[in-house]
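Trainee: The following comprises the amino acid sequence and a computationally predicted model.
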Amino acid sequence: MSDPIPLPLASLHDELGGKMVAFAGYSMPVQYPAGVMAEHLHVRDKAGLFDVSHMGQVIVRGENAAAALERLLPVNVVGLAEGRQRYGLLMLPDGGVADDLMFANRGDHLLLVVNGAMKHADMDILTAGLPDLEIDLLEDRALLALQGPAAESVLEALVPGVAAMKFMDVRSFDWNGADLWVSRSGYTGEDGFEISVPIAQVEVFARALLADDDVLPIGLGARDSLRLEAGMPLYGQDLTAEISPVEADLTWAIQKVRRTGGDRAGGFPGADRVLAELDDGPKRRRVGLLPQGRAPMRMGVTLYASEDAADPVGTVTSGGFGPSVGAPVAMGYVPEGTATGTTLYGDVRGKRLPVVVTDLPFHQPRYKR
């Protein structure tokens, strides 16, 4: 196994006291001296800076690029206005999800941001499925996320104009000669921005953000608890090659135009399964779970209908302590139709512990609409 790849800001993470771990093939900070709990709460209260440079940034360019990309995603790509971004799902032939991603209309090209662990597999799917388009995985840009209620004022002080952006807007800005690609989005349930920065300028830009007293560096630990509270799936856990978008409760991401009866219904890999599940319902669905007690239920915990049931009915795919909730929270898959408020039992180290099915999210998002 090859050594994890250092991020462009490796020396800064070391200087800041980041505890580094291997993640998605990269060496990444899991936490800083403040600790996961303090980092999580700081993002909810002020602003946190995340280094997400492991993510893949992909340019798709060519004639009718949006219509071509739509053949691989069950979402409305053609109808996305210039300067806007949308959540998408890269599909597999059997209706499972190859990856979830963000895509932006930047005028003469589309910009995709894909998961770091999947970016090379995604490139194989994109190049095979879009043979007439120019597809480039960028190697010269880093990616930062500034998240939290103070993110707007912090970034506006450095990059005038970002405060006028709405949720899912994308714009380019010049900062001291650096070409910044900014989207008003993120993966924490808070207002914030993701900023693509040329690697040559990313350290000086990151230091400028961290110079603000409202900003702390945030590691993977708090990133995970923040997205879990916000009910956002993590690819490889809550979303996999075997799970469909309908099972994952991501039907909101499939616009009417791509559904049965829509002007551009189907036509994407796995469409038969996805459209059938949209019309008739899936066999299982992702839900929120509230463990009854202080013990977290983590990925892999098996769920049962009763304390003595022989056969499992579901499984936990993500779980941990929710600092903003003040209690353990989890997500997992249960049979379709399982009512909110239903008590199930998770097998935690040989003990059946109660867990209640609940609606997602645990923390209501605070985006700037």
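Mentor: Sure, I can see it.
Trainee: got a pLDDT number for the residue located most distally from the centre of the chain?
Mentor: Here the chain reaches farthest from its C-alpha mean at residue 308, the gap being 36.3 Å by CA atoms, centre = their mean. Looking at residue 308, its pLDDT is 93.
Trainee: residue contacts, it?
Mentor: Each residue near residue 308 by CB atoms under 8 Å, 6 or more residues apart in numbering is listed here: residue 352. For glycine as for every other residue, the C-beta is placed from the backbone atoms N, C-alpha and C.
Trainee: Now do it against residue 72, distance only.
Mentor: Distance from residue 308 to residue 72, counting by CB to CB, to the nearest Å: 46 Å.
Trainee: same question, residue 103
Mentor: On the measure of CB to CB, residue 103 and residue 72 end up 11 Å apart.
Trainee: and the end-to-end length of stretch 151-170?
Mentor: End-to-end distance for stretch 151-170, by CA to CA, to the nearest Å: 16 Å.
Trainee: Pull out the buried positions in that stretch.
Mentor: For stretch 151-170, the neighbour count (16 or more other CB atoms under 10 Å) marks 151-152, 154-155, 158-159, 162, 165, 168-170 as buried.
Trainee: SS state for residue 225?
Mentor: helix (DSSP: H, G, I helix; E, B strand; the rest coil).
Trainee: backbone phi and psi for the nearest residue to it once chain neighbours are set aside, please?
Mentor: Nearest residue to residue 225, sequence neighbours excluded (CB to CB, 6 or more residues apart in numbering): residue 40, at 5.1 Å. In terms of degrees, to the nearest 10, the main-chain angles of residue 40 are phi -60, psi -50.
Trainee: Out of the buried residues of stretch 151-170, which is nearest to residue 2?
Mentor: In terms of CB to CB, no member of those lies closer to residue 2 than residue 170, at 33.7 Å.
Trainee: Looks to me like the closest one is in a strand.
Mentor: Yes. Residue 170 forms part of a strand when assessed by three-state DSSP.
Trainee: isn't it right up against residue 106?
Mentor: Yes. If you go by CB atoms under 8 Å, residue 170 and residue 106 touch, sitting 6.5 Å apart.
Trainee: Could you name every residue contacting both of the two?
Mentor: With CB under 8 Å, 6+ apart as the test, residue 170 and residue 106 both reach 83, 181.
Trainee: Can you work out which other helices and strands pack against the helix or strand of the chain with the lowest mean pLDDT?
Mentor: Ranked by mean pLDDT, DSSP states H and E, the weakest helix or strand in the chain is strand 5-6, scoring a mean of 92. Applying 3 or more CB pairs under 8 Å, 6 or more residues apart in numbering; DSSP states H and E, we find strand 5-6 packed against strand 26-31.
Trainee: And what about the nearest residue to residue 309 once chain neighbours are set aside, helix, strand or coil?
Mentor: Of all residues not flanking residue 309 in the chain, residue 345 sits nearest, at 7.6 Å (CB to CB, 6+ apart). Under three-state DSSP, residue 345 falls in the strand class.
Trainee: what residues are up against residue 345?
Mentor: 303-307, 309, 352-355.
Trainee: now residue 152
Mentor: Residue 152 neighbours (CB under 8 Å, 6+ apart): 162-163, 191, 368.
Trainee: next one: residue 29
Mentor: With CB under 8 Å, 6+ apart, residue 29 has these contacts: 13, 16, 18-21, 51, 217, 219-220.
Trainee: out of those, which are buried?
Mentor: 13, 16, 18, 20, 51, 217, 219-220.
Trainee: Which of the residues you listed fall in strands?
Mentor: 20, 51, 217 (DSSP state E).
Trainee: Closest one of the residues you listed to residue 315?
Mentor: The closest of those, once distances to residue 315 are taken by CB to CB, is residue 20, at 30.3 Å.
Trainee: That closest one contacts residue 30, doesn't it?
Mentor: Yes. With contact defined as CB under 8 Å, residue 20 counts as touching residue 30 (7.3 Å).
Trainee: Which parts of this protein are helices?
Mentor: All helices of the chain, identified by DSSP state H, fall at 10-15, 36-45, 65-69, 119-129, 151-158, 199-210, 220-229, 271-280.
Trainee: Most tightly packed of those?
Mentor: Most buried of the helices of the chain, by mean neighbour count (mean count of other CB atoms under 10 Å): helix 220-229, with a mean of 24.
Trainee: counting contacts, what elements does it pack onto?
Mentor: Against helix 220-229 (3+ CB pairs under 8 Å, 6+ apart) you get strand 26-31, helix 36-45, strand 314-322, strand 327-335.
Trainee: Of all the ones you listed, which one comes closest to residue 200?
Mentor: When those are compared by CB to CB, strand 26-31 sits nearest residue 200, at 19.3 Å.
Trainee: is the closest residue to residue 250 other than its chain neighbours in a bridge, and if so with what?
Mentor: Here the nearest residue to residue 250 in space, its sequence neighbours aside, is residue 89; by CB to CB, 6+ apart that works out to 6.8 Å. Judged by DSSP bridges, the bridge partners of residue 89 are residue 100.
Trainee: Wait, residue 89 touches residue 251, no?
Mentor: No. Counting by CB under 8 Å, residue 89 stays clear of residue 251, with 10.9 Å between them.
Trainee: what is in contact with these two at once?
Mentor: residue 245.
Trainee: Could you double-check that residue 260 lies in contact with residue 274?
Mentor: No. The criterion here is CB under 8 Å, and residue 260 misses it with residue 274 at 10.1 Å.
Trainee: who does the least confident helix or strand of the chain pair up with?
Mentor: Strand 5-6 has the following strand partners under DSSP bridges: strand 26-31 (parallel).
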